[in-house]
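**Student:** let me see the structure of the following:
(one chain, ligands or ions: 1)
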Amino acid sequence: MLAAAAIVAAPLLAAAEAPHAPSKKSSCDVLVTAAHVITMDAADRVLSPGAIAIKGGAIVAVGTPSELSSLYSPKQRISRPRSVLLPGLVNTHTHAAMNLLRGIADDLPLMDWLTKFIFPAEGKNVSPAFVKAGTLLACAEMVRGGTTTFADMYYFESDVASAVDQCGMRAVLGETWLDFPVPDHKDLAESIAMTRAFLQKWKGHPRVIAAVAPHAPFTNSKESLVAARDLALEFKAPLLIHLSETKDEQKQIAEKYGTTPAKWLESIGFLGPNVLAAHGVWCDADDLRLLAERNVGLAHNPESNMKLASGIAPVVAARKAGVAVGLGTDGVAGSNNDLDMWEAMDFAGKLAKVSSGDPTVLPARDLLRMATIEGARAMKLDDRIGSLETGKRADLIAVDLTRARTHPVWDLTSTLVYAAKESDVSLTMVEGRVLWDGVRVRTLDEAKVIREADEWRNKIAASLAPPAPRAGAK
Ligand SMILES: [Zn+2]
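**Tutor:** Predicted structure coming up:
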C-alpha cells in the first residue's frame, strides 16, 4: 500500500495537454509504462500505474498508461510492469576518473592518504588516457545504479567530457585548479588558459556543462579563487569547490584570514548562485545563512565524511536555513569506495538520525528529494531535470520491485530509500535514450572498459613500485 496522500487519481492531464482532435493520436518517440511513477514534482504526485511519453529527449506527458496510450502512438514502447519509475539520481560531488584508484589505500588519515598514495599515483599516471578510462568505468557504474547526472572535479576535464558524451550521461564538469603543479597545469596562467579552452569547446552541449573548480579555500590563493570566479562569470559557468571539509581546514583559514572558509569566500566576492560547494561539514549557523543568502548549493557526502572521519555535516540545519542540499558520493579512491547513490541516501538519513538523537529528521521523502530534485536545485539544473514533469528532459530510471527485499510495500518511498539496492535499477534513460536496460550498458563496451581499468591498475602499481636493486648492490 502506498502513502495515500501522494496517490493521484485520473484525470491527470492538464487541459492544455488534451488533444484537440480526440481521434488523432500524436506521435512520440518512447512511451514508458510502469507499476508506479514517482514524479517528485511540487505536488508529489505518484501514479499507480503510470506512464511517461517522451519526444525529442523531453517529457511530453505524464499520466496513466491508458490515458497516454489513447493520446500517443509511440515509435517505441518500454514496459516495466513490476518497476517504479522515478527521476534519475543526481550525484552532486565526485571525482569520476579516480575510479582507477579505487581501494589503492584505505583506512588512513587524510594527509597520509593524499601525500603517500594519491599524489604520487596521480603525478606518475594521470593523463588524458587515464582520465578517459577512469571516467568510462565510473559512467558504467553510475548508469547501472540509476545515476543520470553528476558533478565532477578533476584534471583533463575535456577528456572527462568526451567519456561522458560517449556514455550519454549528463554532467557538470569542473576543471580543478590547485596552486601547485598538477598533471595538467603547472601554474595559474596555464590553468586559466586550458580552462578557457575547455569552456569554449563544450559551450552549448546539451548534456555536458563545463565548469571551473578551484580545489578549496585552503589550497587556493585569493588570486586563483578570484580568477576562477571571473572566468566562471564570463562564461556563465558553474563554480565547484570543496568547502569546510575538515576541522584542520577551519583552523588553517582561521589562522590565515581570521574567519571561516565560507566567510572568507564571501569577503572576496566568490559566493553566488553558480557555486556548488562540497561537504560544508564544519559550517556554523552564520555560514549556512550566508550560503542560503547567496543561493549556494551544497553537496553532502555522508559516506566520505564518515570514512575519512571528517565529521558530521549540519545537513538538517542547512536545509532549514534554506540551502539546497544534494547528495554525493565523493571519489572512490579511499573515501567511499563506490558511486552508489542508494547508499548515499541511506547513510545520509541514518547519520542525521544517530547524530541528532532524533529518528524523525531527514525522513525517506526528504532523502529521495535530496537525491533528485533538490540535488538538481543545488546544481541549478532543476529547470531541466530532477522531477518527471512535462517539459523537463527525459532523465529517468526504473527500479525493479520483484525481489524479496522490497516486499511487502507499505510505503513506496520508504521501500526505495531504505530497502532497494542499486542492483534493483532496471532502466536508466538520459534525454530519452536508454543507457542501461537492466541487462547491459547500451552505450559502452563494458567488458572492454573493465579490462582497461584492470590494465591501468597494473600500470599504476608498476609506477609506484620501488626501483629494482642494481646488480651487485647489497
Ligand atoms: Zn571531493
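**Student:** tell me, how many residues neighbour S414?
**Tutor:** The local packing of S414 (other C-beta atoms under 10 Å) involves 17 other residues. For every residue, glycine as well, the C-beta is placed using N, CA and C.
**Student:** please disregard the earlier target; I meant L188.
**Tutor:** By other C-beta under 10 Å, the residues close to L188 number 17.
**Student:** could you verify my assumption that it touches L225?
**Tutor:** No. Between L188 and L225 there is no contact under C-beta atoms under 8 Å: 10.5 Å.
**Student:** in which helix or strand does I450 reside?
**Tutor:** For I450, the element it lies in under DSSP states H and E is helix 446-464.
**Student:** what comes up buried for that helix?
**Tutor:** For helix 446-464, a neighbour-count test (16 or more other C-beta atoms under 10 Å) marks E446, V449, E452, A453, W456, I460 as buried.
**Student:** before we move on, the earlier item: what's the overlap in contacts for L188 and L225?
**Tutor:** Counting by C-beta atoms under 8 Å, 6 or more residues apart in numbering, L188 and L225 have no shared contacts at all.
**Student:** what is the nearest of the buried residues of helix 446-464 to G258?
**Tutor:** I460 (41.3 Å; C-beta to C-beta).
**Student:** which residues are in contact with that closest one?
**Tutor:** L100, L101, I104, A121, K124, N125.
**Student:** what do you get for K124?
**Tutor:** K124 neighbours (C-beta under 8 Å, 6+ apart): I460, S463, L464.
**Student:** distance of it from K448?
**Tutor:** Per C-beta to C-beta, to the nearest Å, K124 is found 24 Å from K448.
**Student:** check I268 too.
**Tutor:** Using C-beta to C-beta, I268 is found at 46 Å from K448.
**Student:** now the closest residue to P181 other than its chain neighbours: how far from L178?
**Tutor:** Leaving aside its sequence neighbours, P181 sits nearest to D187 (C-beta to C-beta, 6 or more residues apart in numbering; 7.2 Å). The spacing between D187 and L178, counted by C-beta to C-beta, is 10 Å.
**Student:** how about W202?
**Tutor:** For W202, the distance to L178 equals 21 Å [C-beta to C-beta].
**Student:** neighbour-wise, which of those two wins?
**Tutor:** For W202 versus L178, the count of surrounding residues by other C-beta under 10 Å is larger for W202: 22 against 17.
**Student:** which pLDDT value does the model give the residue nearest to P181?
**Tutor:** D187 is assigned 95 on the pLDDT scale.
**Student:** give the buried residues for the helix or strand of the chain with the lowest mean pLDDT.
**Tutor:** Sorting the helices and strands of the chain by mean pLDDT, DSSP states H and E puts helix 110-112 at the bottom, at a mean of 81. By neighbour count on 16+ other C-beta under 10 Å, the buried set for helix 110-112 is L110.
**Student:** just the buried members of the contacts of I460?
**Tutor:** L100, L101, I104, A121, N125.
**Student:** in these, find the pair that's most separated.
**Tutor:** Between all members of these, the farthest pair (by C-beta to C-beta) comes out as I104 and N125, at 10.7 Å.
**Student:** so which strand or helix has A211?
**Tutor:** If you go by DSSP H and E, A211 is part of strand 208-214.
**Student:** actually A35, not the one I wrote
**Tutor:** Judged by DSSP H and E, A35 forms part of strand 26-38.
**Student:** closest to T360 out of the contacts of K124?
**Tutor:** I460 (45.8 Å).
**Student:** among the contacts of I460, which lie within helices?
**Tutor:** Of the contacts of I460, the ones assigned to helices by DSSP state H are A121, K124, N125.
**Student:** tabulate these (JSON lines), appending distance to P363 and pLDDT.
**Tutor:** Formatted as JSON lines, the ones in helices among the contacts of I460 follow (distance: C-beta to C-beta, whole Å; pLDDT from 0 to 100):
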{"residue": "A121", "distance to P363": "40", "pLDDT": "93"}
{"residue": "K124", "distance to P363": "46", "pLDDT": "93"}
{"residue": "N125", "distance to P363": "43", "pLDDT": "96"}
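**Student:** ok, now how distant is the closest residue to F235 other than its chain neighbours from K350?
**Tutor:** Spatial nearest neighbour of F235, chain neighbours left out: L199 (4.4 Å); criterion: C-beta to C-beta, 6+ apart. Separation of L199 from K350 (C-beta to C-beta): 39 Å.
**Student:** neighbour count: the two, which is higher?
**Tutor:** Neighbours around L199 and K350, counted as other C-beta under 10 Å, are more numerous at L199. The numbers are 22 against 15.
**Student:** and that one, helix, strand or coil?
**Tutor:** helix (DSSP: H, G, I helix; E, B strand; the rest coil).
**Student:** right, and it touches P238 too?
**Tutor:** No. If you go by C-beta under 8 Å, L199 and P238 don't touch, sitting 10.6 Å apart.
**Student:** which neighbours do these two have in common?
**Tutor:** Residues touching both L199 and P238 by C-beta under 8 Å, 6+ apart: V212.
**Student:** just grab the bridge partners of T94 for me.
**Tutor:** Beta-bridge partners recorded for T94 (DSSP bridges): D152.
**Student:** now do the contacts for it.
**Tutor:** A138, F150, A151, D152, M153, G328, T329, D330, G331, V332, L339.
**Student:** let me see the backbone angles for the last one.
**Tutor:** Comment: the main-chain dihedrals of L339 come out as phi -110, psi 40, following degrees, to the nearest 10.
**Student:** what about T176, how many neighbours?
**Tutor:** 27.
**Student:** ugh, wrong one, I meant A161
**Tutor:** So A161, with other C-beta under 10 Å, has 25 neighbours.
**Student:** one more: K421?
**Tutor:** 15.
**Student:** does it touch R405 like I think?
**Tutor:** Yes. Counting by C-beta under 8 Å, R405 is a contact partner of K421 at 7.3 Å.
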